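sequence first, predicted coordinates after that:
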Amino acid sequence: MKFQYDKRRKKKMVKKKTMREQNLTNHYIIAQVSGKQCFFQPGQWYDLDVIQEWNKFIQTNIFSRKILGNFVYLNKILLFKNATKVQIGKPFLEKSKIPVKIVQEVKGKKITVLKTKPKKKYTRVRGHRQGYTRVQVDITR
């Protein structure tokens, strides 16, 4: 969406969406990824939990070379909405896949875990950062 500056009102005005942008906002998909239901729109990126099949690449430290830029297909689609029709799975849609492109590996916010035992002078501080895989939903495939 592009912004346009209005000199009289001294405010930013939102330019109307183009036909392509309007059509893309009508499309959305609800899929199940690693036990969670996620809402996807074409062209947007999302942070998903690291999927188990990708863990072997993370542990060997070659994740950035081998996997980034590749496409992964999500096949557990619960709902698909197009501009003209809605498809609902029972529980999943058969013979349908969503191509998502792996953009990068990111880490979440740091969480500090504090363990203490009263009257024993025992304190341990640990930190944890959850790993996420940033994916982008592709509409060209």
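Sure thing, it's come through.

name every strand pairing with the helix or strand harbouring residue 127 and say which way it goes.
If you go by DSSP states H and E, residue 127 is part of strand 122-137. Sheet pairing of strand 122-137 (DSSP bridges) gives strand 45-49 (antiparallel), strand 98-117 (antiparallel).

could you give the average pLDDT over it?
Predicted confidence along strand 122-137 averages 92 (mean pLDDT).

looking at the strands paired with strand 122-137, spot the one closest to residue 69.
With Cβ to Cβ, the closest approach to residue 69 among the strands paired with strand 122-137 belongs to strand 98-117: 6.7 Å. From N, CA and C alone the C-beta is placed, and that goes for glycine too.

which strand residues bridge residue 48?
Residue 48 forms beta bridges with residue 133, as assigned by DSSP bridges.

give me every residue that touches it.
Contacts for residue 48 were tallied using Cβ atoms under 8 Å, 6 or more residues apart in numbering; they are 33-34, 38, 132-135.

can you confirm residue 120 is in a helix?
No - residue assignment for residue 120, taken from DSSP: H, G, I helix; E, B strand; the rest coil, gives coil, which places it outside any helix.

and after the lowest-mean-pLDDT helix or strand in the chain, which helix or strand comes next?
Per-element confidence for the chain was summarised using mean pLDDT, DSSP states H and E. The lowest value among helices and strands belongs to helix 63-66, with a mean of 47. In the C-terminal direction, the helix or strand that comes right after helix 63-66 (DSSP H and E) is strand 71-74.

contacts for that next one, please.
Under the contact criterion Cβ under 8 Å, 6+ apart, strand 71-74 has outside partners 31, 33, 51, 97-102, 135, 138, 141.
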